[in-house]
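Chemist: Quick one, what's the 3D model for this:
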Amino acid sequence: MSLKKSPFFELRSGTVDTLLFIVKTADLGALRTELVKRFEATPEFFADDVVAIDVRRLADGERVSLDEIHRMLNDVRMRPVGVVALPAQQAWASGAGLPLLEARDRRAPAAKADDEPAAAEGAPAVPGVPGVGGQDTAAAGAADASATSYAAPAAAEPAATSAAAAAAAAGSSGQTLVVDRPLRSGQRIYAKGDLVVLAPVSHGAEIIAEGNIHIYAPLRGRALAGVHGNHDARIFCTCLEPELISIAGIYRTTENPLPADVVGKAVQIRLEEEKLMIEPLRLT
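Modeler: The predicted model follows:
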């Protein structure tokens, strides 16, 4: 076989992140009930998101049916691509027909008794799968913004615009990314640092940043700040009309109407003890 480079395809080593679906109970009935309650309410936000099933938070000796979890996730329009397991779990975890993946955690996944949302969990390396760093989907308490934990969606699809490609290119430096063109439905922007948007974010568009997000225009789509567990991140917006807002995995959708004093107004959004706080900005 010739070693000449093919003009039709290439095989290269590489890793791309995806989301973690962290299993914390062996009670699959309770898991399904919570999953349906959480995700069927807003299916459009999770449709076709790529996830890895993470079983490392199970108690010692506990096992679950990964086939059943696979079906559960498919029912809420998520797409499992692999399993993340501890060495002692890999024998049974590998029997589900999904590949075993290695995770690069930003904090240790142990602490199985800790019920706090693990918003800083890292994402597993999955060759050839589009995505961004994942967040734990554990529930957060009700808040001024009726916060709930959110798993950041996969990154830009092949149909994404050149703006999304520019975001990926600029992201490696962690510097502020500035977007000065309108974002239409289906477009996604990802910034490894702060993100500044100077044009409207339409319904169905999504902006994601590891740092703060500043939007000097109407926000009608989705804005996710601090996606790798940065609880100090904030969202600043001059006209708040969003489909979804999220900081460090704690999110709110407009299925729960926003207070009248912030809708369409200039606001800042921040976290306070795992609760989303939406506060009017005084610009004069």
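
Chemist: so for stretch 74-84, what's the average pLDDT?
Modeler: What stretch 74-84 shows for mean pLDDT is 88.

Chemist: wait, stretch 24-41
Modeler: Mean pLDDT, computed over stretch 24-41, is 84.

Chemist: Export that stretch to PDB, keeping only CA atoms.
Modeler: Written as PDB, here are the backbone C-alpha positions of stretch 24-41 (Å, rounded to 0.1, in the frame of the first residue of the first chain):
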ATOM      1  CA  LYS A  24     -24.900   9.400  40.900                       C
ATOM      2  CA  THR A  25     -27.500   6.700  41.700                       C
ATOM      3  CA  ALA A  26     -28.100   3.100  40.800                       C
ATOM      4  CA  ASP A  27     -31.900   3.600  41.100                       C
ATOM      5  CA  LEU A  28     -32.700   3.800  37.400                       C
ATOM      6  CA  GLY A  29     -36.400   4.500  38.000                       C
ATOM      7  CA  ALA A  30     -35.600   7.600  40.000                       C
ATOM      8  CA  LEU A  31     -33.000   8.600  37.400                       C
ATOM      9  CA  ARG A  32     -35.500   8.300  34.600                       C
ATOM     10  CA  THR A  33     -38.100  10.300  36.500                       C
ATOM     11  CA  GLU A  34     -35.600  13.100  37.200                       C
ATOM     12  CA  LEU A  35     -34.300  13.000  33.600                       C
ATOM     13  CA  VAL A  36     -37.700  13.300  32.000                       C
ATOM     14  CA  LYS A  37     -38.700  16.000  34.500                       C
ATOM     15  CA  ARG A  38     -35.500  18.000  33.800                       C
ATOM     16  CA  PHE A  39     -35.000  17.600  30.100                       C
ATOM     17  CA  GLU A  40     -38.300  17.000  28.400                       C
ATOM     18  CA  ALA A  41     -39.500  20.400  29.600                       C
END
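
Chemist: Now it: buried residues?
Modeler: Buried residues in stretch 24-41, counting neighbours by 16 or more other C-beta atoms under 10 Å, are found at 24, 31-32, 35, 38-39. (Each C-beta comes from the backbone N, C-alpha and C, glycine too.)

Chemist: What about the residues you listed, which are in helices?
Modeler: Using DSSP state H, the subset of those located in helices is 31-32, 35, 38-39.

Chemist: mind listing the helices for the protein?
Modeler: Along the chain, the stretches classed as helices by DSSP H are 28-39, 66-75, 90-93, 162-171.

Chemist: Same list (the buried residues of stretch 24-41) but as CSV, adding distance to Leu271.
Modeler: Below are the buried residues of stretch 24-41 laid out as CSV (distance: C-beta to C-beta, whole Å):
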residue, distance to Leu271
Lys24, 22
Leu31, 26
Arg32, 29
Leu35, 24
Arg38, 19
Phe39, 22
